[in-house]
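Trainee: Show me the folded form of this:
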Amino acid sequence: MKNTIVHLFLVMGLAFIIGCGPETTINDDEAASVISNYLDENPEYKTASFAFGEMKFRQLKDQEELNKYKQLESDGYITMELQEQKKVFLSKDSSFVYLIKLTEKAAPFVLDQSKDKAKVKTILYEMDDDKPVDFAKTNERSAKATVTLMKVETDFYPFDDNKGSNSEFLTKTYKLRHKKDQGWVVTSEK
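Mentor: This is a model prediction of the structure:
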């Protein structure tokens, strides 16, 4: 009987030690670091469609659009080669046909590309290190952390048709989970 009780306590003690496992504590700074690493691998951004190839512009009517392209050309993201220039009959307007090509400098902003259109990043969201992380541990192996992501406009931002955001930041909540082999990792975003 004594041996059975001793064995029972030994088994319970061993189960307790195994159940405790590795350290699962986390604080605000560690949560911010985990989210920052996650954002390095899975960046937050907004996109727009960008037309290129052979494009026709009218000097007066399309001046604003032409200026957007010329700005990208001066920044080195595209090249614009004038193919044709015409004076429109009985009009004060002229038309220009340009062959627009993306340069290698544009590659980090291009996500998808077809013959004459590209999906480009217009806004990047970067973690604001000055704002505190709103952190709550839900249980021993999971937590939620809310961070502020600041809006950074790319050179392709003028082509974003949906500029309706009234905020210069984005608030995002991430679910964190402790995994034995990896430590704390982001498992999902809200």
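
Trainee: From residue 39, how far out is residue 171?
Mentor: 14 Å (Cβ to Cβ, to the nearest Å). In short, each C-beta sits where N, CA and C put it, glycine included.

Trainee: the more surrounded of these two?
Mentor: residue 39 (18 against 11; other Cβ atoms under 10 Å).

Trainee: so where do the helices sit in this protein?
Mentor: 2-20, 28-41, 63-75 (DSSP state H).

Trainee: How much space separates residue 118 from residue 32?
Mentor: 34 Å.

Trainee: swap that for residue 175, sorry
Mentor: From residue 175 to residue 32 the distance is 15 Å (Cβ to Cβ).

Trainee: any idea of the pLDDT on residue 175?
Mentor: What the model reports as pLDDT for residue 175 is 92.

Trainee: re the thing from before, just want to know which of residue 175 and residue 32 has more residues nearby.
Mentor: In this view residue 175 and residue 32 are compared by other Cβ under 10 Å, and residue 32 has more residues nearby, 18 against 15.

Trainee: Can you read off the pLDDT for the more buried one?
Mentor: Residue 32 carries a pLDDT value of 87.

Trainee: list the contacts for the residue nearest the centre of the chain?
Mentor: Centroid-nearest residue in the chain: residue 44, 1.8 Å away (criterion: Cα atoms, centre = their mean). If you count contacts by Cβ atoms under 8 Å, 6 or more residues apart in numbering, residue 44 has them with 124-125, 149, 170, 172.

Trainee: on that earlier part again, where do the contact lists of residue 171 and residue 39 overlap?
Mentor: Common neighbours of residue 171 and residue 39, counting by Cβ under 8 Å, 6+ apart, are residue 149.

Trainee: pLDDT weak spots in this protein?
Mentor: Where the chain drops to pLDDT under 70, the residues are 1-24, 88, 90, 163-165, 190.

Trainee: Nothing else from me, thank you.
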